[in-house]
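Enquirer: coords below, sequence missing:
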């Protein structure tokens with residue numbers, strides 16, 4: 001007898017690449033749904049991302065005030081970026097913190113890995129909790145943020161409610177870090 005998972009599993013017969021560059025790969029996937037219907041489904045493949053929630057001993061989070069052109073919208077975000085080929089996502093998160101903010105993390109641990117849009121987009125996000133950081137240089141590379149600030153964790157819920165924090169990696173990271181830190185405090 002088939003399990004529920006077996007009865008609802010889609011079968012992939014192959015994928016045809018439509019577009020491919022350094023940032024995005026778009027494919028058409030030949031799929032068959034459980035009732036036997038077969039059709040092509042779009043699939044977007046993006047490189048993995050690594051994001052860090054950096055907290056200090058004063059219960060503040062290191063955040064960046066950024067403009068996102070696609071939405072013409074500003075918001076507070078956590079430092080992070082794309083994982084280079086062959087790079088460990090934890091190393092990426094630490095590297096991105098230093099490049100984007102000038103801070104070097106002291107301790108870092110995995111929080112959660114998730115897919116922000118599991119229906120058509122493959123974009124694995126790896127989130128990490130970093131405890132403590134030391135300012136070692138000015139941010140390098142392209143301008144990532146207008147402001148870099150240590151934001152009190154107690155201010156985060158109001159910032160989310162106002163819409164000042166709105167991107168998925170930042171939201172998931174902040175909630176996961178809050179829950180981990182609360183659990184450790186008992």
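Expert: Thanks, I have the structure now. On a predicted model such as this, the values are computed, not experimentally measured, just so you know.
Enquirer: what sits against the residue nearest to residue 68 when sequence neighbours are not counted?
Expert: Excluding the flanking residues, the one nearest residue 68 by C-beta to C-beta, 6 or more residues apart in numbering is residue 75, at 7.1 Å. (C-beta placed from N, C-alpha, C; glycine too.) When the contact criterion is C-beta atoms under 8 Å, 6 or more residues apart in numbering, the partners of residue 75 are 65-66, 68, 163-167, 170.
Enquirer: how close does residue 159 sit to residue 76?
Expert: Noted for residue 159: a distance of 6 Å to residue 76, by C-beta to C-beta, to the nearest Å.
Enquirer: between these two, which contacts overlap?
Expert: A shared contact of residue 159 and residue 76, defined by C-beta under 8 Å, 6+ apart, is any residue touching both; here these are 151, 165.
Enquirer: ok, these two, which is more surrounded?
Expert: Per other C-beta atoms under 10 Å, whichever of residue 159 and residue 76 has more neighbours is residue 76, with 23 against 18.
Enquirer: could you confirm the more buried one falls within a strand?
Expert: Yes - going by DSSP: H, G, I helix; E, B strand; the rest coil, the assignment for residue 76 places it inside a strand.
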